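Asks: generate a structure from the sequence data that follows.
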Amino acid sequence: MFTLEAYLVSFIGTLIPHAVLAVYLFVIMGTRGWRVLKKLPAFLISPLLAVLLAAGLYTLLPNHGVIRVCMTTLAILLMSTLWVQWAWRTEFWRAFSAACMGGVFQMATSCLSQILILYSDLPLAAVMAVGLVMVPAPVFLLYRLRFGHWFRLLLEEGFSQRWTALFFFAMEVAMEAFLILQVGVRPEYLVPYYVLVLAMAALEAGLVIYLARRLDDTRKMEAQQDIIAQQQLYERDLEAIRQEVRSFRHDYKNLLAGLSEQADKGELDQLRTALSELDTGFDRRIGEKIRASTQIGNVCVPQVRSLLLSKLAAMGEQKIDCRMEALYPVERVGMDPWDFTRCLGILLDNAAEAALETDTPWVEIVLLSQKGRLSLRVSNPYIGTVDPDKIWTENFSTKGESRGLGLPGYQRILTGYPNAATSTGWAGGVFVQELTVEEKA
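Replies: You can find the predicted model right below:
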């Protein structure tokens, strides 16, 4: 029969590993400031329920220690997943992967504590407290290695999140198996055994970084190929402008002759009309292309320029009137260029899809770079209503099933950039998305 003191000791013994797990979860998922920190007290429910579950299982299965450990661990893993899903507003498989990876690191820290137990006469509670103090070192190492960035990259759209979650779950199960099997290890071999477990955790972390970098290299290679293709499109636009100028030059003398004759006859009204038509025709045939080329030329970040060229060409084929302004050179974006490009692509895709549902589709893009700040605004017409409580929800879309991954993905990308701010507005049939990025000091 469990006494109150036994419950208290068991709760403290479970609370410390949960605290370590929470620290690793913040490293893996990235923080959003006070919004996530204020949800941290809810995580105390997990150790409390774990203690009650362990006591109940001990009563029901007193002679099946392995089964009790497995069931308790699965319950903690599930509760941690639900808390991550709620705290970071993410979907289940992403939260499950984070909880598994955090569990691997937490058990590696437990191995360090076990080594301290073997070589010290400290009481168990003191050793666990020392283990908690040791957490900042591996956390700092993971931060320097940008582990959270690489981990989240593996879970981006287009990569099978369920298979990835099962992969991380397999790593968690392997670590749990190692710790359960320690019971049968002879005392003189325990330290090498724990070192082996620590090495396994390090290898698992290295494998995650390796796979994420391979995925990132593949993405960059595809982007480079896209840049080459879009550069060819850019050159074709310049050739089209050159051809229009040659054609205009060919007709230049005839146009001047007609204007001169009207001036000699005193036909001022007809002369003004002809000049106005000439100016309008020039803008329509050449001026718009020159202005578009000038605006694109002000975008000096290759990844962003490539995407804009691709999207402008696609919108032109869809008969979407695309207006773009980049009055000042955009040389830096204040964040990873690939992440900014993904954000821009999501906003442009959503804007184009919404614009096509209207009678006069158009999309307006404004890039303003001034004083260490980059502002992006994407506007488009829309029909129907907008529910502000649902547009950021995973898998929600007004366009059918298997949609709605854009804006939640856009929001997840920006969680790693505290220097970025977003706003959304809609009024008078116009939907506006704005992104402001302050350049990092």
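
Asks: is Val430 in a bridge, and if so with what?
Replies: Pro381, Ala427 (DSSP bridges).

Asks: do I have it right that it meets Arg377?
Replies: No - with contacts defined as C-beta atoms under 8 Å, Val430 does not count as touching Arg377, sitting 11.2 Å away. The C-beta positions use only the backbone N, C-alpha and C, and glycine is treated the same way.

Asks: neighbour count winner among those two?
Replies: Arg377 (18 against 13; other C-beta atoms under 10 Å).

Asks: with adjacent residues omitted, what lies nearest to the more buried one?
Replies: Distance criterion C-beta to C-beta, 6 or more residues apart in numbering; nearest residue to Arg377, sequence neighbours excluded, is Val366 at 4.3 Å.

Asks: quick check: phi and psi on the one you found?
Replies: Backbone torsions for Val366, taken as degrees, to the nearest 10, come to phi -130, psi 120.

Asks: next one: Gly416
Replies: The phi/psi pair for Gly416 (degrees, to the nearest 10) is phi -90, psi 10.

Asks: ok, now the one 3 residues further on?
Replies: For Asn419, the backbone dihedrals (degrees, to the nearest 10) come out as phi -90, psi 10.

Asks: quick one, what contacts the residue lying closest to it once chain neighbours are set aside?
Replies: The shortest distance from Asn419 to any residue other than its chain neighbours is 4.4 Å, reached at Glu438 (C-beta to C-beta, 6+ apart). Applying C-beta atoms under 8 Å, 6 or more residues apart in numbering to Glu438 gives the contacts 334, 372-373, 419-420.

Asks: name the nearest of the residues you listed relative to Ala351.
Replies: Nearest to Ala351 among those, counting by C-beta to C-beta, is Ala420 at 18.9 Å.

Asks: so the closest one makes contact with Thr436?
Replies: Yes - using C-beta under 8 Å, Ala420 is in contact with Thr436, at 7.0 Å.

Asks: more neighbours: which of those two?
Replies: Neighbours around Ala420 and Thr436, counted as other C-beta under 10 Å, are more numerous at Ala420. The numbers are 20 against 16.

Asks: tell me the buried residues in stretch 362-371?
Replies: With burial defined by 16 or more other C-beta atoms under 10 Å, the residues of stretch 362-371 counted as buried are 362-367, 369.

Asks: one more: stretch 172-180?
Replies: Counting neighbours by 16+ other C-beta under 10 Å, the buried set in stretch 172-180 is 172-173, 175-176, 178-179.

Asks: that stretch - what's its average pLDDT?
Replies: pLDDT averaged over stretch 172-180 equals 86, rounded to a whole number.

Asks: next: stretch 330-348.
Replies: The average pLDDT within stretch 330-348 is 88.

Asks: ok, and what's touching it?
Replies: Contacts made with stretch 330-348 from outside it, assessed by C-beta under 8 Å, 6+ apart, are listed as 216, 219-220, 223, 298-304, 306-308, 311, 363, 365, 367, 369, 372-374, 376, 378, 406-407, 409-410, 413-414, 416-417, 419-420, 433, 435, 437-440.

Asks: for the residue nearest to Arg377, what are its contacts?
Replies: Contacts for Val366 were tallied using C-beta under 8 Å, 6+ apart; they are 324-326, 375-379.

Asks: pLDDT wise, what is it at?
Replies: 92.

Asks: quick one: the strands in the stretch 201-350 of the chain?
Replies: Chain-ordered strands for the stretch 201-350 of the chain, with DSSP state E, counting those that start in this stretch as the definition, fall at 321-325.

Asks: how many neighbouring residues does Pro187 have?
Replies: Residues within reach of Pro187, counting by other C-beta under 10 Å, total 7.

Asks: please apply the same query to Gly103.
Replies: The burial count assigned to Gly103 is 25, neighbours taken as other C-beta under 10 Å.

Asks: I'd assumed Leu74 was in contact with it.
Replies: No - in this structure, Gly103 is not within contact of Leu74 by C-beta under 8 Å, at 10.8 Å.

Asks: which regions of the stretch 201-350 of the chain lie under the pLDDT threshold?
Replies: In the predicted model, the stretch 201-350 of the chain carries pLDDT under 70 at residues 223, 225-227, 229-234, 236-238, 240-241, 244-245, 247-294.

Asks: now with 80, please.
Replies: Residues of the stretch 201-350 of the chain meeting the criterion pLDDT under 80: 219-220, 222-297, 302-303, 306, 309-310, 313, 316.

Asks: just the buried residues of stretch 362-371: which are in strands?
Replies: Mapping the buried residues of stretch 362-371 onto strands (DSSP state E) picks out 362-367, 369.

Asks: for those, give me a markdown table that also has distance to His149.
Replies: Converted to a markdown table, those look like this (distance: C-beta to C-beta, whole Å):
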| residue | distance to His149 |
| --- | --- |
| Trp362 | 36 |
| Val363 | 31 |
| Glu364 | 32 |
| Ile365 | 27 |
| Val366 | 29 |
| Leu367 | 25 |
| Ser369 | 25 |
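
Asks: mind checking which of the contacts of Val366 are buried?
Replies: By neighbour count, with 16+ other C-beta under 10 Å, the contacts of Val366 hold 324, 326, 376-379 as buried.

Asks: and of the residues you listed, the nearest to Tyr194?
Replies: Distances from Tyr194 to the buried ones among the contacts of Val366, taken as C-beta to C-beta, are shortest for Leu376 (50.4 Å).
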